[in-house]
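Student: turn this into a model:
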Amino acid sequence: MTRLRGRLFALQVIVIAMIVVLVVRLWQVQVVQGPKFVTVATETRTREVRVPALRGAILDSSGRPLVVNRSTLVVSVDRSSLERMPDGGDAVLRRLAAVLKKPVAQLKQQIRACGPGVARPCWPGSPYTPIPVANHVNMRSALQIMERQEDFPGVTAEIESLRDYPNGKDAAQMLGYLQPVTEKELEKREGLKANYSGVDLTGRDGLEAVYDSALRGTPGLRRVQVDRMGKVITVDQQSAPTAGDILITSIDEKVQRVVENSLAQAMQEVPQSDGAAAVVLDVKTGRVIAMASRPTYDPAVWTGGISEKDYRWLLSNKSGKPLISRALKGEYAPGSTFKISSVSAMIADGEPLHGTYQCPSSFNVAGRAFGNAGGMSLGSISLHEALVKSCDTVFYRAGYEEWQRDGGNKPKPHTKEPMANMARAFGFGKPTGIDLPGDSPGLIPDRTWKHNLWTSTKDQMCRRAKTGYPEIKDEARAAFSKRLANENCLEGFLFHAYEAANFSIGQGDVLVTPLQLARAYAALVGDGNLRSPRVGWALVRPDGTLVKEIPVPIVRHLPINDETRTYIRKALSEVPSDGTAAGAFRGFPMNVVKIGGKTGTAEVWGKEDTSWFASFAPADDPRLVTVVMVSQGGFGAATAAPAVRRIWEGIFGLGKGEDNKPVKAAMPDGRPPTRLPVIRKDGTVAQ
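Tutor: So this is what the prediction gives:
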């Protein structure tokens with residue numbers, strides 16, 4: 001009995017002790033730490049949701065859509081929510097995969113973070129934002145997810161806007177594409193988080209990147225109370241998003257279509273070609289009317305996330321790297337199209353504008369014969385005829401003699417280098433400053449450039465002069481490369497006579513972009529002002545209010561007088577009718593619209609020639625400049641000139657279609673609009 005009483009007493013002590021502990025703990029939680037837990041509980045039930053703004057559309061100069069938005073049901077997954085689950089969210093993903101009829105493995109790939117060695121699909125954005133895993137979801141599937149949130153925690157189905165490209169592949173590189181903003185970007189750029197909704201995309205190339213802040217708009221804010229399942233109980237605060245501005249461009253969608261089709265045909269006609277580009281500029285304003293590059297791609301491939309297969313294809317050599325715009329990033333030797341700069345340099349250096357020049361079949365440059373194309377000899381000619389017939393030897397002599405006056409291989413302390421300096425005055429050797437990313441500078445080689453190149457490569461060249469190039473299987477090419485390395489090792493700092501001669505006809509190390517050449521011709525045949533081209537024309541609010549017009553800066557005035565510019569323009573006006581492009585323009589109605597221009601054929605080591613044609617119209621009072629370049633396209637007169645002809649026929653409605661019926665003119669009078677299209681208050685365009 002005594003033993004039983006002892007046990008009961010011990011049990012009573014234990015129970016009383018437990019009650020005391022619970023009371024003390026309850027006092028600590030409710031009294032001592034009560035305010036803290038109230039705050040924590042409130043925070044866990046409050047959610048701030050940034051509501052994405054509708055991204056602004058991109059329109060052409062007449063208000064036709066280039067990039068617009070379309071609404072679709074999108075299912076997104078909050079990866080951070082899944083990671084907090086005991087099974088890492090596997091059960092949720094399996095149920096979601098069944099609803100979406102997609103493999104679980106694919107969903108897991110879509111929500112994993114992109115990084116080194118991680119194949120696409122993956123998520124390149126912030127890990128703390130919802131990750132879209134399915135677009136174009138049907139209403140039934142969306143309702144299954146939203147009505148059974150207990151089965152799909154961390155999963156949402158909402159109507160979102162996606163970018164749509166009504167014209168397919170047209171102007172793909174110029175328009176650009178969108179990708180999620182990354183966490184690193186949010187951390188590096190102060191204030192960026194306030195401007196992003198968390199599900200917003202940011203421009204990665206083209207106009208989407210340059211005008212991203214204006215197109216994106218401002219997200220709204222919604223502060224809500226949610227239960228433990230994440231369902232919204234009440235809305236505490238709400239502010240509406242502000243839609244992004246509409247970007248009106250100077251692009252003419254109809255002209256762009258003509259240009260795209262002409263380039264596609266040029267590539268088909270020359271199977272060995274590995275790329276092409278075309279630019280159409282407004283001579284009066286310097287604005288871009290059309291710009292195309294081949295090969296191209298469909299920008300819709302980025303919408304909703306890109307697959308590893310598509311991503312690798314965009315970056316592969318086999319596809320020709322279609323993400324690259326050859327119009328403003330591609331650098332090529334310009335051939336004889338460059339002679340507008342060389343003629344200008346000759347006149348500025350004292351050569352007579354109306355003088356007589358010899359055009360022999362070849363010209364001796366420091367013991368080396370430089371021949372005319374086809375070995376032609378025209379005897380005594382004017383500069384006018386030298387341009388029309390494209391006589392190389394006239395320019396070889398000019399380049400060689402200017403090189404000699406600068407001291408030849410023993411340059412004077414202060415060299416004039418008139419051809420290099422004139423080329424820079426025409427805008428070559430520097431980026432154009434266009435409102436697009438990736439604007440290449442090209443290359444204008446001169447004595448300083450040559451010396452700097454030698455300084456940076458001397459050790460490598462001297463080593464190669466001894467070892468040669470055993471990795472090159474072609475013995476002749478390997479031997480040539482070794483001799484060249486030895487020459488560069490010993491005297492690579494010299495700007496040789498042959499380099500000056502090649503420079504004069506746009507060969508050798510001279511490199512330009514199609515855009516640079518187009519703006520140089522626009523300055524020459526226009527008012528003499530070199531402009532920095534613009535694609536963007538104006539930013540407008542969705543209700544039609546003008547935010548700002550985007551000006552076209554004047555960089556400089558060409559250092560040649562009006563008489564020289566008029567002389568060159570009149571000479572070029574005869575190239576399509578009586579000169580090197582006469583064959584390509586045979587039968588063209590010059591009495592209706594007279595075309596001026598210049599062919600160019602640039603030799604490339606180990607490849608076919610680069611084909612060029614730079615042109616303008618109407619020849620007497622130019623309003624538009626059109627330049628076409630076809631890499632490995634052969635003679636300028638054989639590939640680029642016919643492509644330019646098709647563009648002019650499409651612009652003015654002078655050609656015939658496949659059905660042999662006259663084509664409808666893309667721009668009947670050849671004059672781009674001078675007034676912005678009118679955007680109504682409801683966002684529609686007044687026709």
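
Student: residue contacts, Val512?
Tutor: Residues counted as contacts of Val512 (C-beta atoms under 8 Å, 6 or more residues apart in numbering) are Glu331, Tyr332, Ala333, Pro334, Phe338, Phe428, Gly442, Gly506. In this view, the C-beta of every residue, glycine as well, is placed from N, C-alpha and C.

Student: if we use 6 Å, what do you get?
Tutor: Applying C-beta atoms under 6 Å, 6 or more residues apart in numbering, we find Val512 in contact with Pro334, Phe428, Gly442.

Student: now it: how far from Pro334?
Tutor: In this view, Val512 and Pro334 are 5 Å apart by C-beta to C-beta, to the nearest Å.

Student: now intersect the contacts of Val512 with the strands, please.
Tutor: Per DSSP state E, strands hold no members of these.

Student: among those residues, which one lies nearest to Leu107?
Tutor: Gly442 (47.0 Å; C-beta to C-beta).

Student: so that closest one is in contact with Glu331, correct?
Tutor: Yes: contact criterion C-beta atoms under 6 Å: Gly442 and Glu331 qualify, at 5.3 Å.

Student: okay, these two: which has more neighbours?
Tutor: Gly442 (24 against 17; other C-beta atoms under 10 Å).

Student: and the pLDDT for that one?
Tutor: Looking at Gly442, its pLDDT reads 97.

Student: roughly how far does it sit from Leu572?
Tutor: Taken as C-beta to C-beta, the span from Gly442 to Leu572 is 21 Å.

Student: and Gln110, by the same measure?
Tutor: For Gln110, the distance to Leu572 - C-beta to C-beta - is 55 Å.

Student: and if you look at Gly526?
Tutor: Distance from Gly526 to Leu572, by C-beta to C-beta: 13 Å.

Student: then Asn486?
Tutor: Taking C-beta to C-beta, one finds Asn486 at 42 Å from Leu572.

Student: who has more neighbours out of Gln110 and Leu572?
Tutor: Set Gln110 next to Leu572 and count neighbours by other C-beta under 10 Å: Leu572 wins out with 29 against 20.

Student: count of neighbours near the closest residue in space to that one that isn't next to it in sequence?
Tutor: Leaving aside its chain neighbours, Leu572 sits nearest to Gly596 (4.5 Å; criterion: C-beta to C-beta, 6 or more residues apart in numbering). Other residues within reach of Gly596, judged by other C-beta under 10 Å, total 26.

Student: for Gly596, what are its contacts?
Tutor: Gly596 touches Leu572, Ser573, Phe616, Ala619, counting by C-beta under 6 Å, 6+ apart.

Student: mind listing what the closest residue to Pro437 other than its chain neighbours touches?
Tutor: Nearest residue to Pro437, sequence neighbours excluded (C-beta to C-beta, 6+ apart): Ala209, at 5.6 Å. By C-beta under 6 Å, 6+ apart, the residues touching Ala209 are Gly176, Gly203, Pro437.

Student: ranking by neighbours, what's the top pick from these?
Tutor: Neighbour max across the contacts of Ala209 (other C-beta under 10 Å) = Gly176, 26 neighbours.

Student: isn't it up against Gly206?
Tutor: Yes: under the criterion of C-beta under 6 Å, Gly176 makes contact with Gly206 at 2.4 Å.

Student: how about residues contacting stretch 410-421?
Tutor: Counting by C-beta under 6 Å, 6+ apart, residues outside stretch 410-421 touching it are Ser342, Ala345, Asp349, Glu402, Asp406, Ile444, Asp446, Arg447, Phe503.

Student: now with 10 Å, please.
Tutor: 338, 341-342, 344-351, 395, 398-399, 402-403, 405-407, 423-424, 428-429, 444-449, 451, 494-495, 500, 503-504, 510, 559 (C-beta atoms under 10 Å, 6 or more residues apart in numbering).

Student: likewise stretch 146-159?
Tutor: 52, 71-85, 89, 91-93, 95-96, 99, 130, 132-134, 137, 139, 141-145, 199, 227-231.

Student: could I have the CA atoms of stretch 334-345 written out in CSV?
Tutor: What follows is stretch 334-345, C-alpha atoms only, in CSV (Å, rounded to 0.1, in the frame of the first residue of the first chain):
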residue,chain,number,x,y,z
PRO,A,334,32.9,46.4,-100.2
GLY,A,335,34.7,46.1,-103.5
SER,A,336,34.0,48.8,-106.1
THR,A,337,31.0,50.2,-104.2
PHE,A,338,33.7,51.8,-102.1
LYS,A,339,35.0,53.9,-105.0
ILE,A,340,32.7,56.8,-104.1
SER,A,341,35.0,57.4,-101.1
SER,A,342,38.2,56.9,-103.3
VAL,A,343,37.0,59.4,-105.9
SER,A,344,36.2,61.9,-103.2
ALA,A,345,39.6,61.4,-101.7
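
Student: where does pLDDT dip in the stretch 201-350 of the chain?
Tutor: 222-237, 304 (pLDDT under 70).

Student: ignore what I typed, I meant the chain.
Tutor: 1-10, 29-51, 126-128, 182-200, 222-237, 304.

Student: how is it divided into domains?
Tutor: 47-249, 335-504 (automatic domain parsing).

Student: I'd like those domains laid out as JSON lines, including distance to Pro299.
Tutor: Shown next, in JSON lines, are the domains of the chain (distance: least, C-beta to C-beta, whole Å):
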{"stretch": "domain 47-249", "distance to Pro299": "5"}
{"stretch": "domain 335-504", "distance to Pro299": "14"}
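
Student: for those domains, which one sits closest to Glu549?
Tutor: domain 47-249 (9.2 Å).

Student: and the closest one, how far out from the chain's middle?
Tutor: How far domain 47-249 lies from its chain's middle: 24 Å, per C-alpha atoms, centre = their mean, to the nearest Å.
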